[in-house]
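>>> Attaching a predicted model along with its sequence, questions to come.
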Amino acid sequence: MLSTAAIVAGAQLSEADTRPTGRRTALSGYDPLSHFTDGRPEKGSDVFLFAADLERHAPRYSGFCASGVSKGYKIESDPEAWVIANGKLYVLMLKERVPDFQNDAAAFVDKADANWPQVRNLPIGPR
């Protein structure tokens with residue numbers, strides 16, 4: 001995605017650079033910046049590393065479902081089920097849960113923030 005690539009001051013990967021075996025790809029390879037800049041999720045590119053203002057644009061809870069984290073478990077999210085609240089990106093497992101999250105984002109975030117220190121070390125649940 002050219003517009004995001006231009007905005008993200010990422011570094012190009014050399015052919016020798018490879019992703020470690022078994023390492024999780026957050027957001028299923030979608031570019032988190034696209035949620036902010038394009039207003040919709042877009043697939044990222046393997047030739048760029050996300051480096052520009054990582055703290056601001058990275059999905060909260062390492063890209064795991066914010067609703068699940070608020071309930072005390074860790075599960076993969078759908079990058080097309082997302083909310084930007086207070087300038088931060090939250091992704092959910094199901095698009096159907098987006099309106100509930102939007103209606104009471106502060107409550108979800110408060111619970112998820114409180115749970116995250118323990119939940120981050122839990123194994124990922126089935127999707």
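Nice, thanks for sending it over.
>>> Which strand runs longest in the chain?
Counting residues, the longest strand found in the chain (DSSP state E) is strand 78-85.
>>> who does it pair up with?
In the sheet containing strand 78-85, its partner strands are strand 88-92 (antiparallel), by DSSP bridges.
>>> in this protein, which helix has the most residues?
Scanning the chain for the helix with the most residues, using DSSP state H, yields helix 105-119.
>>> what's that one in contact with?
Residues from elsewhere that reach helix 105-119 (Cβ atoms under 8 Å, 6 or more residues apart in numbering): 60-61, 64, 66-67, 69-74, 83, 85-86, 90, 101. Heads up, the C-betas are built off the backbone N, CA and C, glycines and all.
>>> Please narrow these to those residing in strands.
V83, A85, Y90.
>>> Who is the second one paired with across the strands?
Beta-bridge partners recorded for A85 (DSSP bridges): K88.
>>> What's the local residue count around L92?
Applying other Cβ atoms under 10 Å, we find 24 other residues in the vicinity of L92.
>>> Tell me who's in contact with it.
Contacts of L92 by Cβ under 8 Å, 6+ apart are C65, A66, S67, S77, D78, A81, W82, V83, V98, F101.
>>> Now do the contacts for the spatially closest residue to the fifth one that is not a sequence neighbour.
By the measure of Cβ to Cβ, 6 or more residues apart in numbering, the closest residue to D78 outside its immediate chain neighbours is M93, 6.0 Å from it. In this structure, M93 makes contact with C65, S67, G68, I75, E76, S77, D78, A81, R127, judged by Cβ under 8 Å, 6+ apart.
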